[in-house]
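Novice: need the 3D shape of this:
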Amino acid sequence: AKNKEELAKKKVELENKRVDLEKTEDEKRAIERYLEEIKQGCDWIIDNYSTRETNRATEKAALDKAVSLIKGTSAFKSAAAKDSDEALGECKDTCKADEANVKCKACLAEVSVPGYCAGHPGTPGC
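Specialist: Here you go, the predicted model:
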């Protein structure tokens with residue numbers, strides 16, 4: 001009787017494992033079908049990688065040249081100077097001569113020159 005019970009349990013286990021196997025095989029087939037569907041796109045990316053990389057480098061070089069040309073225009077230089085003056089605010093006159101000098105740095109930090117030098121002793125003018 002005990003052997004029959006054990007045999008019945010094993011048959012149930014076997015049937016459960018067969019069901020699991022079928023599910024797993026179905027999932028595997030679905031994944032394989034999906035991979036087949038996307039294969040063409042993946043192959044295109046792989047096959048055209050070097051061409052796309054070359055095109056990207058050409059485009060980047062063209063953009064870098066455009067930036068350089070724009071920065072060379074008088075309109076850009078004028079706008080950049082205006083932005084710089086606005087950024088200096090009330091310290092514009094103090095900083096015109098030398099933005100690295102301690103007087104400019106202290107003005108921008110809104111502290112005294114000795115106070116700025118105490119925290120930044122390597123600043124020119126300290």
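Novice: what separates residue 115 from residue 91, distance-wise?
Specialist: According to C-beta to C-beta, to the nearest Å, residue 115 stands 15 Å off from residue 91. Quick note: C-beta positions are derived from backbone N, CA and C, even for glycine.
Novice: ditto for residue 63
Specialist: Distance, residue 63 to residue 91, using C-beta to C-beta: 35 Å.
Novice: which of the two has more residues huddled nearby?
Specialist: Comparing residue 63 with residue 91 by neighbour count (other C-beta atoms under 10 Å), the higher total belongs to residue 91, at 18 against 10.
Novice: what's that one in contact with, if anything?
Specialist: Applying C-beta atoms under 8 Å, 6 or more residues apart in numbering to residue 91 gives the contacts 104, 107, 108.
Novice: how about the helices in this protein?
Specialist: Counting by DSSP state H, the chain has helices at residues 2-47, 49-71, 74-88, 92-96, 102-109, 113-119.
Novice: next, the angle from the first one to helix 49-71.
Specialist: Read that as helix 2-47. Following axes from the mean of the first three to the mean of the last three C-alpha atoms, to 10 degrees, one obtains 50 degrees for the angle between helix 2-47 and helix 49-71.
Novice: what's the lowest-mean-pLDDT helix or strand in the chain in contact with?
Specialist: Ranking every helix and strand in the chain by mean pLDDT, DSSP states H and E puts helix 92-96 at the bottom, with a mean of 91. Contacting residues not belonging to helix 92-96 are listed as 85, 88, 101, 103, 104, 107, 108 [C-beta under 8 Å, 6+ apart].
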